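Undergrad: Make a model of this:
(2 chains, ligands or ions: 2)
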Amino acid sequence: MDNIILEMRGITKTFPGVKALDDVNLKVREGEIHALVGENGAGKSTLMKVLSGVYPAGSYDGEIHYDGEVRNFSTISDSEHLGIIIIHQELALVPLLSIAENIFLGNEIAEKGVIDWPQTFSRTRELLGKVGLKEPPTTRITDIGIGKQQLVEIAKALSKKVRLLILDEPTASLNETDSDALLKLLMEFRKQGMTSIIISHKLNEIKTVADKITILRDGGTVETLDCHNEDIGEDRIIKGMVGRDMEDRYPAREPKIGETLLEVKNWNVYHQHHRDRQFLYDVNFTVRAGEVVGIAGLMGAGRTETAMSLFGKSWGHRISGDVFMHGKRVDVSTIPRAIAAGLAYVTEDRKHLGLVLNNNIMHNTTLANLDAVASSGVIDTHAEAKVATDYRSKLRIRSHSIYQEAVNLSGGNQQKVVLSKWLFTSPEVLILDEPTRGIDVGAKYEIYTIINQLAAEGKGILMISSEMPELLGTCDRIYVMNEGRIVAELSRSEASQESIMRAIMRSGEKH
Amino acid sequence: MVAETSAAKTTPSIGVYLRNNIREYGLLVALVVIMLFFQVVTNGVLFKPVNITNLILQNSFIVIMALGMLLIIVAGHIDLSVGSIVAFTGGISAIMLVKWNLHYAVVVPLCLILGGMVGAAQGYWVAYQKIPSFIVTLAGMLVFRGLTYLVLQNRPIGPFPKDFQVLSTGFVPDFLAFLNPAPGTITNLAALVVVVALVALAIYYGIKGRRTNVLHGTENEPLAFFILQMAVIAVVAIFLGFQLSTYKGFPNVLVVMGLLIALYTFVTTRSTIGRRIYAMGGNEKAAKLSGINTERLTFYTFVNMGVLAALAGMIIAARLNSATPKAGVGFELDVIAACFIGGASASGGVGKMTGAVIGAFIMGVMNNGMSIMGLGIDYQQLVKGLVLLAAVFFDVYNKNKG
Ligand SMILES: Nc1ncnc2c1ncn2[C@@H]1O[C@H](COP(=O)(O)OP(=O)(O)OP(=O)(O)O)[C@@H](O)[C@H]1O
Ligand SMILES: [Mg+2]
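TA: Numbering: from 1, shown residues only, chains lettered A, B, ... in the order given. Ligands and ions are numbered 1, 2, ... in the order given. Have a look, this model is predicted:
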């Protein structure tokens, strides 16, 4: 087991205006789970793209030794032939094709171009078995949840005789149950001798699965920790990532709670596509000035749907119920009206719903409130640049300028751009949907700080999150949702992981 | 990694700037090369004052429609019906002017409104019923061609009253004739003076803009580029202005076209509407969730296209001095090609007004140059097709490399 399968030496990769990687070294032993951690924009994804040939040899400096030889991959298929399979941060499945078709896409089991379906299906079943899925191979990707999609990606990797599996934030959008299943699988593969590299911002997961941890900071290697030699705590990892000790994960706050800002009464919503299926039942909640209110729940509980149906009916159908701001009924039936009423919704899906990826940071920042930097429909470009520059420094967005396209930002920085956009509309109630998904600890802290500042200014915050510690660490009050209903309301002192889970379980029994 | 605290750079290095803007400069260089090429192979006919005037008269409507088409393409759609709208509105204008003897001051606005309604009729299906624009405008292309045959009863109508013709084929009178220092060579001094004044204004505002950019820390293009670009534009503009001043001066349509180009460039670069169209084309869902009424915006881009197509329809009818049911056949292809040559992306969100205008000029110069050379329509189409492919390949190649 002392065999070095991969060594990357002195990797340097430059994009126009940015040195994303600067003399990075990485050594991975055969059969281990090697974690790669670092802040947003540290260069983790870039390093893996160099390794897998997304960035071809010649576009970077340095050497890749794999399986004892120097390798120069010029395409992804070069690295795949040697068993290096990467699963990217964004899943690459075709939604309308079946599981089987996706697994063998580009790699079909065929004779003279004619697909051998029986064999395809039986191979698919075999592979799905390995990752613990029981779905029929003909199921379409859109019809399974994101957790299962992730497992299909892994099954696809297995179909290619993988030796080194690279997972870029595989659990970022999974709930705890799905994440656990995935991590167990990785440990199972390790027993069978497979090597994996995992990138994640969830340090507790890293701690459970990793044998080694390599930390990147600002495009350089900081250190590699060996989890078997010493007991590595999360604080130790964080210190390496941010370069200093971080005392607390959640900034302290003195809540100053005022009058009720937002009140939602008897909110009933039917499903967007299955139009006769009711999805939300009599949802009632309030958010007060200066208060941070959380919504906890499992995947599919209806949290995002509640937020989106409220925000200009952007989800759902046959929506009924009343919305009050400052005690007065408001009309939120279109998005511009919801914005005018003082709502803002920061989506959980920043790539598809949050950003115009080929526009720059500045254009994205001002998009929802363009009129504020324009008069009679003419944009004041200087005022606009100033706004973008202010938010860029306030939220510490890492980019070479406000003119950098959103597509070239790292995940965490993209999230900050979406946040800037909504902060610039100066909402009274800010709805945050998984605001720290895929975000590093340092940036999380910054986002919590921003949340606290907004609350101190007297705004109301409604935060949807699947990470319970985050809700417990930041919220004054937590609603628990399950199957389209609010099933509990817990004050700060009542709330705990157990009380939240208990509320979910209890409501599950009732129905 | 550049730290986030690094001071805002106001001027990128020449290398970086060139790489980021290679498309635009490449296009300008391509236009100049094509012009010089035809100047040589046509033995200097291309730049003769008469021919420059012809070139403008023959291509103004392509440019005008490219302005609207670019917005449609940026919004993520396509409009195949513009050729038929040209024929339809041209036909209706002929009926009103020739058969009903209405005054052009009534007919012109009515036809523009008609064009807007035609655009609205199509925009409705695209924007509110979410039918792909390719299909809606393919249907529109057939429907309005058919309607044109119906209203014209299969026969051309003409000739037009003189005052209407002049709108399209007339020239701006020489209001500075009394100052003319060399009446022998210069026959329309005003054209030359106006061009020189415009060039001076452009330089003045260019320099002023750079100053304010520095003041506000906004990005500037490198100075060398600015100077080179201004010099090229000044030389070309003054040369063309001089040529025109030795003939009949500015054609009326050139003035219309110039004003529209200025207006639409402003709309795309500085107005909120323009910005929202780009955002919508780049990511419709994100734009919608940002409070943009994407349906209405889409609807209005089609209305706008209809109005511009109607304007083009009248210009063409007046120039040919007759409205025929066959007018404008295949124009949609020239217009769309102009946008793509100009760097617009078929998937929306990308494309510049200046690019589309230069693209239209490239098409125009090629049409004109090849006609002078006596090449048949067969070769003309072949060459244009290859140029379109080459231009788009250049885009894709650049993108993959960068
Ligand atoms: N195509 C590109 N063009 C320009 N800059 C880029 C490009 N891709 C990445 N970068 C920059 O390189 C740096 C590293 O990005 P990378 O995506 O590797 O970060 P990361 O460590 O994966 O972050 P995250 O945890 O947020 O996913 C960032 O500053 C990013 O802006
Ligand atoms: Mg990443």
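Undergrad: And the residue of chain A positioned farthest from its centre, how far from chain B?
TA: The centre of chain A is farthest from one residue, A:Lys112, which by C-alpha atoms, centre = their mean lies 41.4 Å away. As for A:Lys112, its distance to chain B is 32 Å (criterion: C-beta to the nearest C-beta, to the nearest Å). Any C-beta I mention is one placed from the backbone N, CA and C, and that applies to glycine too.
Undergrad: cool, A:Asn72 as well?
TA: 19 Å.
Undergrad: Might one say that that residue is in contact with A:Ala57?
TA: Yes - under the criterion of C-beta atoms under 8 Å, A:Asn72 makes contact with A:Ala57 at 3.6 Å.
Undergrad: Assign A:Asn268 to helix, strand or coil.
TA: Recorded secondary structure, A:Asn268: strand (DSSP: H, G, I helix; E, B strand; the rest coil).
Undergrad: Tell me, how many residues neighbour it?
TA: 17 (other C-beta atoms under 10 Å in any protein chain shown).
Undergrad: which residues does A:Ile206 contact?
TA: Residues in contact with A:Ile206 (C-beta atoms under 8 Å, 6 or more residues apart in numbering or on different chains) are A:35, A:37, A:198, A:200, A:213, A:237.
Undergrad: From those, list the buried ones, please.
TA: A:35, A:37, A:198, A:200, A:213, A:237 (16 or more other C-beta atoms under 10 Å in any protein chain shown).
Undergrad: Does the helix or strand encompassing the first one reach ligand 1?
TA: Yep, that's A:Ala35 we're talking about. According to DSSP states H and E, A:Ala35 maps onto strand A:33-38. Yes - contact of strand A:33-38 with ligand 1 (C-beta under 6 Å from any ligand atom) involves A:Gly38.
Undergrad: Please compute how far that strand lies from its chain's middle.
TA: Taking C-alpha atoms, centre = their mean, to the nearest Å, the mean C-alpha location of strand A:33-38 is offset from the chain mean by 17 Å.
Undergrad: Adjacent strands (with direction) for it?
TA: Note on strand A:33-38: by DSSP bridges, its sheet partners are strand A:195-199 (parallel), strand A:212-217 (parallel).
Undergrad: tell me which parts of the stretch 201-350 of chain A are close to chain B?
TA: Within the stretch 201-350 of chain A, the positions adjacent to chain B are A:218-219, A:311-312, A:314, A:334-336, A:338-339, A:345, A:347 by C-beta under 8 Å from any C-beta of the partner chain.
Undergrad: Please verify my assumption that B:Ile72 contacts B:Ile78.
TA: Yes - if you go by C-beta under 8 Å, B:Ile72 and B:Ile78 touch, sitting 6.5 Å apart.
Undergrad: more crowded one of these two?
TA: More crowded of B:Ile72 and B:Ile78, by other C-beta under 10 Å: B:Ile72, with 29 against 21.
Undergrad: from what I can see, that one looks like it's in a strand, true?
TA: No - B:Ile72: not assigned to a strand; according to three-state DSSP it is helix.
Undergrad: List the residues that contact it.
TA: Applying C-beta under 8 Å, 6+ apart, the residues near B:Ile72 are B:78-79, B:133, B:301-302, B:305.
Undergrad: ditto for A:Pro170
TA: A:87, A:150, A:182, A:198, A:200.
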